[in-house]
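>>> Here is my input; please provide its structure:
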Amino acid sequence: MMNKRNPYIIDTTLRDGEQAPGVVFSLKEKIEIARWLDRLGIPELEIGTPAISRSEQNDIRCLLNQGFAFKSTCWARATRHDLNAVLNTGADRVNLSFPVSDIQLKALGKSTAWVFSELPEIMKMATNHFSFVAVGAQDASRADRNLLKEYIAAAHYYGAQRIRIADTVGILNPQSTKELFEDLSFAFPQIDFEFHGHNDFGIATANHAVALTSGASSASLTVNGLGERAGNGALEEVIYALKYSYGIDLGYNGNLLNGLSALVETISKRQLPLSKPVTGAMAFSHESGIHCRSLKENPLSYQPFNPEEIGRDMVFVIGKHSGTGALSDFLEKRNIFLSKTDLTDLVSRIKAKSSKLKRDLNFSEIKTLIPEHQVRFTI
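Below is the predicted model of the structure:
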């Protein structure tokens, strides 16, 4: 079932993103990331886990006092200790989480009976102290479906205002994601479901897009997909997949998304793959002569959207697969003009050198392949 409302986006870069091994954000960096997300217009941020430390609580308190427009939510295990840590920050929104799969419960020495016995008192404490309480089903994708439904019904009964369905180890696929959210939204039409998926098999973007068009009303994502193991659903990728694959334009500024991606790449010290979708350095680079010829006529011939939308340029890379069209364009931008015959000869020399070096060629290398008498410069 297609959502009747526009998907609601929650960013959890400051919480789940920072849980990526070896990643630590300073308070200054957290504020900078939050400022970009605020400018972008993301309506809600999960800003941290107060139970980590007193220092984390102080950072969260500072973030809360910055006057940002987004709603700020803290994450907590479903324990009195964690809820007290959230209270210590002054936050009035909490996302508390219970494990619901057998494998997670056994790892903690707990049982489903423990979940249902603890839920009423934890929810009473949470609803008495916070204006908004979301409840997470940790490892929901590996939980027994009937048990999961009992848990959802109980959490809603005790006051949960949103239910997070977590694909904690990224085992869902688009088909199973669709089936899950169609089933849950049919069983509980009055409940707002959030999807929180991980990227262990490289399909988190697809899973989030499917969830948001099959019954989930919201999704929690991170910039660049930053997160544990293989990461989370990537904010910028899900936004653009919704826009160009599903026709759901959430209106976010592409220039800001691109800038935010670069900022988090630098701060996290997690270099993005060159070919990462949407914001990778070579996501709009082309070498094939056949492609480049068409791209010169229409940038959408071999691209899903115009890179200018995110403040980027289409780039022609010169190498083994290049043709005279891309090479001519490359040289003319550098005020070098060759005849058609000379261009054809140069392409042959470039293909040979590129094959030998097993890479593309830069401008200096290309210039050495052009006989001086062939070059006509313009100023």
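>>> Hmm, V264 and E29 touching each other?
No: in this structure, E29 is not within contact of V264 by CB atoms under 8 Å, at 9.2 Å. For glycine as for every other residue, the C-beta is placed from the backbone atoms N, C-alpha and C.
>>> Compare those two (neighbour count), which wins?
Taking other CB atoms under 10 Å, E29 and V264 do not tie; V264 has more neighbours (27 against 17).
>>> Test my guess that that one contacts V223.
Yes: counting by CB under 8 Å, V223 is a contact partner of V264 at 4.3 Å.
>>> What number of residues are in the vicinity of S322?
With other CB under 10 Å as criterion, S322 counts 25.
>>> The nearest residue to Y246 once chain neighbours are set aside: neighbour count?
Spatial nearest neighbour of Y246, excluding adjacent residues (CB to CB, 6 or more residues apart in numbering): T213 at 5.8 Å. Counted by other CB under 10 Å, the residues lying close to T213 total 19.
>>> And A113, how far from L119?
The gap separating A113 from L119 is 11 Å, by CB to CB, to the nearest Å.
>>> do the same with E365
66 Å.
>>> Those two: who's more crowded?
For E365 and L119, the more surrounded residue by other CB under 10 Å is L119, and the numbers stand at 20 against 15.
>>> Who are the contact partners of that one?
78, 98, 151, 154-155, 158 (CB atoms under 8 Å, 6 or more residues apart in numbering).
>>> name the element it belongs to?
Using DSSP states H and E, L119 maps to helix 112-129.
>>> could you check the angle helix 112-129 makes with whichever helix or strand comes after that helix?
Remark: after helix 112-129, the chain's next helix or strand is strand 132-138, criterion DSSP H and E. Strand 132-138 runs at 160 degrees relative to helix 112-129, counting by axes from the mean of the first three to the mean of the last three CA atoms, to 10 degrees.
>>> which residues are in contact with strand 132-138?
71, 73, 78, 92-101, 104, 123, 126-127, 143, 148, 151-152, 155, 159-166, 168, 194, 196.
>>> how about 7 Å then?
Residues from elsewhere that reach strand 132-138 (CB atoms under 7 Å, 6 or more residues apart in numbering): 73, 93-100, 104, 126-127, 143, 148, 151, 155, 159-166, 168.
>>> Could you turn the buried ones of those into a ChimeraX selection?
Filtering the contacts of strand 132-138 down to the buried ones (16 or more other CB atoms under 10 Å) takes a single ChimeraX command:
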select :73,93,94,95,96,97,98,99,100,104,126,127,143,148,151,155,160,161,162,163,164,165,166,168
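>>> Show the contacting residues for the residue nearest the centre of the chain.
For the chain, the residue sitting closest to the mean C-alpha position, by CA atoms, centre = their mean, is A234 at 1.1 Å. Each residue near A234 by CB under 7 Å, 6+ apart is listed here: 205, 221-222, 224-225.
>>> Show me what it bridges to in the sheet.
Taking DSSP bridges as the rule, A234 bridges to T222.
>>> so how far is G136 from it?
Taking CB to CB, one finds A234 at 20 Å from G136.
>>> next one: L250
23 Å.
>>> More neighbours: which of these two?
For L250 and G136, the more surrounded residue by other CB under 10 Å is G136, and the numbers stand at 27 against 15.
>>> can you pull the pLDDT of the more buried one?
pLDDT recorded at G136 is 98.
>>> got it, and Q374?
In this model, Q374 is scored at 62, pLDDT.
>>> Could you do R293 as well?
85.
>>> Now I171: closest residue in space, sequence neighbours ignored.
S141 (5.6 Å).
>>> Tell me the spacing between the one you found and A211.
Counting by CB to CB - S141 and A211 are separated by 11 Å.
>>> Quick check on the two: which one has the bigger neighbour count.
With neighbours defined as other CB under 10 Å, S141 and A211 compare such that A211 has more, 30 against 22.
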